[in-house]
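**Student:** A structural model of the following input is requested.
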Amino acid sequence: MVAWRDILSKLLSEWKELTVVCGCRDEDAEREIAQLPREPPEEPVELSSCSACMLRELLESSYVVQVPISSALSESMVYVLDDCVVEISEDCGYLISKKNVSALIKVLEDLGFETSALKSFLGVS
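**Tutor:** Predicted coordinates for the structure are as follows:
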């Protein structure tokens, strides 16, 4: 499976092209990439619109399991990597280590997302 370090490495090498696709300014993208954790975080890390867009572009073109979730107001995609889980909605997202995914599920439920399919896939209650 694809690990966070693989995605981060790809982001570091392709960020210039991704800023064009995502409509990010170079200085914003550089700052946001610098703030991304180098290891999967223990607590949910909120992703800004620029970093969420760049990660979505990379994850969509990678061999990564995708689990769609929705709320009454929006839809989101959860990408399951080997060592972390990345949730990306239209303009933001979250990143957390796979072993602490329950914390992310709680955040998503608090935001009104239906998470039963995600819990089932990940084997958490």
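
**Student:** count of residues packed around residue 117?
**Tutor:** For residue 117, the count of nearby residues is 13 (other C-beta atoms under 10 Å). (Glycine included, C-beta is placed from N, CA and C.)

**Student:** And residue 28, by the same measure?
**Tutor:** A count of neighbours around residue 28, defined by other C-beta under 10 Å, yields 15.

**Student:** Isn't it up against residue 50?
**Tutor:** Yes - the pair residue 28 / residue 50 is scored as a contact, 5.3 Å apart, by C-beta atoms under 8 Å.

**Student:** could you pull out the helices for the protein?
**Tutor:** Here the chain has its helices, by DSSP state H, at 4-22, 26-35, 49-60, 101-110, 116-122.

**Student:** Next, the angle helix 26-35 makes with the longest one.
**Tutor:** With axes from the mean of the first three to the mean of the last three C-alpha atoms, to 10 degrees applied, the angle from helix 4-22 to helix 26-35 works out at 170 degrees.

**Student:** quick one: the residue sitting nearest the centre point of the chain from residue 13, how far?
**Tutor:** Note on the chain: the residue nearest the mean C-alpha position is residue 86, at 2.7 Å, using C-alpha atoms, centre = their mean. Distance from residue 86 to residue 13, counting by C-beta to C-beta, to the nearest Å: 18 Å.

**Student:** Check the burial of residue 57 by counting its neighbours.
**Tutor:** For residue 57, the number of neighbouring residues by other C-beta under 10 Å comes to 16.

**Student:** Check the spacing between it and residue 17 real quick.
**Tutor:** As judged by C-beta to C-beta, residue 57 and residue 17 stand 9 Å apart.

**Student:** picking that back up, which stretch among the helices of the chain is buried most, on average?
**Tutor:** Sort the helices of the chain by mean neighbour count, taking mean count of other C-beta atoms under 10 Å, and helix 49-60 sits at the top with a mean of 21.

**Student:** just checking, what packs against that helix?
**Tutor:** Contacts defined by 3 or more C-beta pairs under 8 Å, 6 or more residues apart in numbering; DSSP states H and E place helix 49-60 against helix 4-22, helix 26-35, strand 84-88, strand 93-97.
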